[in-house]
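Enquirer: fold the following and give me the result.
(one chain, ligands or ions: 2)
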Amino acid sequence: MLGRLNHVALVVPDLQAACAHYRDVLGANVSAPQSLAEHGVTVAFIDVGNTKIELLEPFGEGSTILPFLAKNPSGGMHHVCYEVDDIRAARDQLIAGGARVLGDGEPRIGAHGKPVLFLHPKDFFGTLIELEQV
Ligand SMILES: CC[C@H](C(=O)O)C(=O)SCCNC(=O)CCNC(=O)[C@H](O)C(C)(C)COP(=O)(O)OP(=O)(O)OC[C@H]1O[C@@H](n2cnc3c(N)ncnc32)[C@H](O)[C@@H]1OP(=O)(O)O
Ligand SMILES: [Co+2]
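Expert: Ligands and ions are numbered 1, 2, ... in the order given. The predicted model follows:
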C-alpha cells in the first residue's frame, strides 16, 4: 500500500517567520505560501530532494490545527504523508482492518491538487497519517 514519503508536516505559530528562518539559517528553498481555506491552513513547502517539508499555520477561525497549536504553542511535528496508488482502495482496506479514516471518508483535494485522506493518530501509535494519491 505505502509508496514514497511525500512530506513531513510541521505546524508553526508564524509561517512567514518560519519560512524566513528555514531559508536564512538552513538555506532552504521555500515555496510561496498557499492558503487552503477548505483545510483551514496556509502551507509552504521545502523540497529536500527525497521528500518535502510542509510548514503549516492555521488559516481561519475553525482551523483543524488550532487545538494542536494550543497544545504545542511553539509548533511541532504534525503529520507524515505517504503516497498511495489508489486512495479509495487503500481507504477501504484500512477501514476493513479497523482503522479510522477522518472526516466523511471521501478523499479531498490537498495542497498538491491530489486526493488526500487522514488516518486517526490513535490508530498509528500517536502519529497522524495523511495518504495522497499520486
Ligand atoms: C490537506 C492539505 C494539506 C496537505 O498536505 O495537502 C494538509 O496536510 S492539511 C493538515 C491539516 N488537516 C488535518 O490535520 C486533517 C486531519 N486532522 C484531524 O481531523 C484532527 O486534527 C484530529 C482528529 C487528528 C485531531 O483533532 P483535535 O485536534 O480536535 O483533537 P482531538 O482531541 O480530537 O485529538 C484526539 C487525540 O489525538 C491527538 N492528536 C491530535 N492531533 C494530533 C497530531 N497531529 N498528531 C498526533 N496526535 C494528535 C490529541 O492530542 C488527542 O490525544 P489525547 O491523548 O486523547 O489527548
Ligand atoms: Co499534509
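
Enquirer: only C-alpha atoms for contact and neighbour calcs from this point on.
Expert: Fine.

Enquirer: what parts of the chain come near ligand 1?
Expert: By CA under 6 Å from any ligand atom, the residues of the chain that approach ligand 1 are 39, 64-65, 67-68, 78-79, 102, 110-111, 118, 120-121, 126-128.

Enquirer: from those residues, list just the buried residues.
Expert: 39, 65, 68, 78, 79, 110, 111, 118, 120, 121, 128 (16 or more other CA atoms under 10 Å).

Enquirer: show me what contacts the fourth one?
Expert: Right, residue 78. 8, 9, 10, 11, 127, 128 (CA atoms under 8 Å, 6 or more residues apart in numbering).

Enquirer: widest-spaced pair of those residues?
Expert: Spanning the widest gap among the contacts of residue 78 are 11 and 127, at 13.7 Å by CA to CA.

Enquirer: hang on, residue 20 in a helix?
Expert: Yes. Counting by DSSP: H, G, I helix; E, B strand; the rest coil, residue 20 is located in a helix.

Enquirer: contact partners for residue 65?
Expert: 11, 40, 41, 57, 58.

Enquirer: so the fourth one sits right up against residue 42, yeah?
Expert: Yes. Applying CA atoms under 8 Å as the test, residue 57 and residue 42 come out as touching, 5.4 Å apart.

Enquirer: of the two, which one has the most company?
Expert: residue 57 (24 against 19; other CA atoms under 10 Å).
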